[in-house]
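K.L.:
Dropping the sequence and predicted coords here.
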Amino acid sequence: MNSVVIYTDGGCEGNPGPGGWGAVVRCGAAVREISGGELATTNNRMEMRAAIEALATLTERSEVCVFTDSQYLKQGITQWISGWKRKGWVTATKAPVKNVDLWKRLDELVARHRVTWKWVKGHAGHAVNERCDGLANR
């Protein structure tokens, strides 16, 4: 099984507003940078898109470690998603889950791999996280 390390970041000018996402995908010596954006979006959606687009680049089942500076993304995929799925994609307060389209896509992609999630403090000088921020802001 391949061992892959992914770093992600997303951001928005205004929230909502125009936004972008960036990711660095490392598999052995190979490094790939990807990025994109939307004209009208939110910060959380861009954080999620970075992880989704990075995981979507993987063609083989892999052992993946995803680094994100988004607590929303990390907690959502590691803690909240199982309850949302069990309750039919509603929150504990019975409100519809925000960004459900992206949560469902992320859930599909994560199921293909063995994924661990790590939080890294954003804008704290972590070189690859800063690179992802730069990609997201392009």
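P.N.:
Structure received.
K.L.:
which residue packs closest to the residue nearest to the spatial centre of the chain, ignoring adjacent ones?
P.N.:
Among the residues of the chain, residue 51 comes closest to the average C-alpha position under C-alpha atoms, centre = their mean, at 2.7 Å. Among residues not flanking residue 51 along the chain, residue 8 sits closest, at 5.0 Å (C-beta to C-beta, 6 or more residues apart in numbering). (Glycine included, C-beta is placed from N, CA and C.)
K.L.:
Spell out which residues sit in contact with the closest residue to residue 9 other than its chain neighbours, please.
P.N.:
Spatial nearest neighbour of residue 9, chain neighbours left out: residue 132 (3.6 Å); criterion: C-beta to C-beta, 6+ apart. With contacts defined as C-beta atoms under 8 Å, 6 or more residues apart in numbering, the neighbours of residue 132 are 7-9, 22-24, 50.
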